[in-house]
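*Asks:* I'd like to go over a predicted model; first the sequence, then the structure.
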Amino acid sequence: MKIILLGPPGAGKGTQAAMLMDKFSIPQISTGDMLRAAVRNQSPMGTKAKEFMDAGGLVPDEVVVGIVRERLQLDDCHNGFILDGFPRTVAQADALKEVLAELDQNLDCVVSLEVDTEALVERLTGRRSCSSCGRGFHVKYDPPAADGTCLACGGTLLQRDDDQEETIRNRMQVYHEQTAPLEDYYREQGLLQVVNGMQDMKAVQQSILTLLQGC
Ligand code: ADP
Ligand code: ADP
Ligand code: ZN
């Protein structure tokens with residue numbers, strides 16, 4: 001199963017990708033997670049990417065495409081993958097097409113999660129993630145342990161620097177200008193499936209699983 005999860009910041013891409021990864025035993029390829037790892041490791045690429053991420057802008061296409069190209073060549077992607085947060089521009093989508101053609105692979109489906117702007121802001125401001133195991137939480141919709149630690153491993157929870165209201169506004173604008181056009185891009189290719197992302201997490205998952213049966 002080769003899937004792209006499309007949707008604005010906070011739509012639930014990471015949450016759904018983690019569930020699909022367990023269900024199908026295929027890797028979740030999150031460019032956001034990979035870029036944050038590069039920032040933590042203070043690699044030259046990470047240091048450069050951080051400026052764009054802190055401002056809520058996009059990291060340049062050639063950097064992100066390079067990361068994804070390397071990742072898709074690894075053996076664990078042969079049976080499928082879930083792209084989460086990539087592509088985010090038409091240029092990235094065109095580059096992905098080329099990379100997949102080189103690997104003799106095809107996309108099965110592009111799942112677009114639709115969520116109202118107000119709900120997105122609430123999801124992003126309440127988002128937390130475990131500093132040890134990476135599991136995501138939401139203070140209201142997927143709360144951590146009573147003492148504020150990770151339910152899975154007891155780790156400390158963090159809030160992302162870019163999940164602040166001012167940066168969130170920039171990210172939303174960037175999404176509308178640069179990423180939203182990908183809906184038409186994939187609709188024209190007959191790959192787009194739209195899911196109501198306003199449902200609770202389990203219902204969204206069920207909707208995705210149902211539509212994947214037809215892909
Ligand atoms: P994205 O990867 O699209 O930015 P996430 O999966 O990180 O989004 O979700 C953003 C926040 O919203 C997280 O705190 C997550 O726990 C929460 N969340 C995800 N899906 C839902 C949902 N269907 N209903 C309510 N909250 C959700
Ligand atoms: P969210 O789904 O909440 O928007 P991500 O974790 O996917 O967040 O991305 C966080 C930041 O990392 C983005 O705001 C952007 O700066 C950078 N980033 C992630 N993926 C890409 C991409 N495909 N192209 C360019 N920048 C990216
Ligand atoms: Zn944890």
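*Replies:* Received, thanks. Ligands and ions are numbered 1, 2, ... in the order given.
*Asks:* got a list of contacts for stretch 35-48?
*Replies:* A49, K50, M53, V59, V63, V64, I67, R160 (Cβ atoms under 8 Å, 6 or more residues apart in numbering). All C-beta atoms are positioned from the backbone trio N, CA, C, and that covers glycine.
*Asks:* in a markdown table: these, plus distance to ligand 1 and pLDDT.
*Replies:* Shown next, in a markdown table, are the contacts of stretch 35-48 (distance: Cβ to the nearest ligand atom, whole Å; pLDDT from 0 to 100):
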| residue | distance to ligand 1 | pLDDT |
| --- | --- | --- |
| A49 | 17 | 97 |
| K50 | 18 | 96 |
| M53 | 13 | 97 |
| V59 | 15 | 98 |
| V63 | 20 | 97 |
| V64 | 16 | 98 |
| I67 | 17 | 97 |
| R160 | 9 | 95 |
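*Asks:* return the subset of the residues you listed lying in helices.
*Replies:* A49, K50, M53, V63, V64, I67 (DSSP state H).
*Asks:* ChimeraX command to pick out the buried ones of the contacts of stretch 35-48?
*Replies:* In ChimeraX, a selection of the buried entries from the contacts of stretch 35-48 looks like this (16 or more other Cβ atoms under 10 Å):
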select :49,50,53,59,63,64,67
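*Asks:* and the contacts of stretch 35-48 near ligand 2, which?
*Replies:* Residues of these in contact with ligand 2 (Cβ under 6 Å from any ligand atom): M53, V59, V64.
*Asks:* give me the nearest residue to the last one, chain neighbours excluded.
*Replies:* The reference is to V64. Closest residue to V64 apart from its sequence neighbours, by Cβ to Cβ, 6 or more residues apart in numbering: T31 at 5.5 Å.
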